[in-house]
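**Q** give the three-dimensional model of this entry:
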Amino acid sequence: MRGRGRWIVLALACLMVAAVALLLVDRRPPAPEMNETSAAPCEEPLSAGGAVALGDSITFGSTLPHAEDSWFEQLACAEDPPIRYAHNAGIYGNTTEQMLARLDGDVLARDPDTVFVLGGTNDVLSGIPQAETIGHLREIVERSRQAGADVYLGTIPPQAVPLAIETTVDLNEAIVAMAERVDVPVLDFHAAFFDTDGRHHDGLFSDMVHPSVTGARLMAQVAREALA
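**A** Residues are numbered from 1 along each chain as shown. Modelled structure (predicted):
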């Protein structure tokens, strides 16, 4: 019993050390301050033109129309938007292959003057090879430009899924390299989620993958600065 008692005491001591260690871990830095502008009513125009965003659930947001956790809605439907809202073409769970398959009907058929492209998160989570993802994104970009639209290509936000962290970084590097080759501007959403020490800002995620309202607002700010 004495031996068993010592093991119990040792286990309790280890738990106390772990608890203290957790308390001593540096907290993530707060998100940078931004203008607290909420998404305003935004109607799809009857005429052609305007800006369309092609993406997955990160672009779609939680509840359209005009979800506050959609970066595109925060950009296009906030006060004094830098672009004219045409359509949010984000769909939950879409891979870049699925985005490419609906490019004509959901995007180009609207004759947009600006197309935002953000895809790859579900490719990473599905284990799709990087080369396939980049190939799909490149075709989306090139066909959108051939249709006369200005194109902006986004890096995908970070994820808290351990197996996806490194793959996400690698994919974003490939996205930036491809964008440079085809000469389109990059919206570096991924970098915006970190401070100068490489730590996540606090409050930017609603779960392990999706940005919160604050995270969406930060992404919109990245896009707004690129459009200025």
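**Q** residue boundaries of the helices in the chain?
**A** 2-24, 57-60, 71-76, 96-101, 103-106, 121-126, 130-146, 162-182, 189-192, 213-227 (DSSP state H).
**Q** point out the most buried one among these.
**A** helix 71-76 (a mean of 29; mean count of other CB atoms under 10 Å). C-beta coordinates here come from the backbone N, C-alpha and C atoms, glycine included.
**Q** just the C-alphas of it, formatted as CSV.
**A** Output of helix 71-76 as CSV, limited to C-alpha atoms (Å, rounded to 0.1, in the frame of the first residue of the first chain):
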residue,chain,number,x,y,z
TRP,A,71,-14.7,37.6,-45.5
PHE,A,72,-16.3,38.5,-48.9
GLU,A,73,-19.5,39.7,-47.3
GLN,A,74,-17.4,41.8,-44.9
LEU,A,75,-15.6,43.3,-47.9
ALA,A,76,-18.4,43.9,-50.3
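**Q** surely residue 111 touches residue 48?
**A** Yes. Look at residue 111 against residue 48 with CB atoms under 8 Å: they come within range, at 3.7 Å.
**Q** can you tell me the closest non-neighbouring residue to the spatially most central residue of the chain?
**A** Nearest to the mean C-alpha position of the chain, counting by CA atoms, centre = their mean, stands residue 157 at 4.0 Å. Among residues not flanking residue 157 along the chain, residue 189 sits closest, at 5.2 Å (CB to CB, 6 or more residues apart in numbering).
**Q** isn't that neighbour up against residue 222?
**A** Yes. Contact criterion CB under 8 Å: residue 189 and residue 222 qualify, at 5.8 Å.
**Q** returning to that earlier point: please report how far the residue nearest to the centre of the chain lies from residue 50.
**A** Distance of residue 157 to residue 50, computed by CB to CB, to the nearest Å: 25 Å.
**Q** what sits closest to residue 141 if chain neighbours are left out?
**A** Nearest residue to residue 141 in three dimensions, chain neighbours excluded: residue 151, at 5.2 Å (CB to CB, 6+ apart).
**Q** I should have written residue 74 there, sorry.
**A** That would be residue 220: by CB to CB, 6+ apart, it lies 3.7 Å from residue 74.
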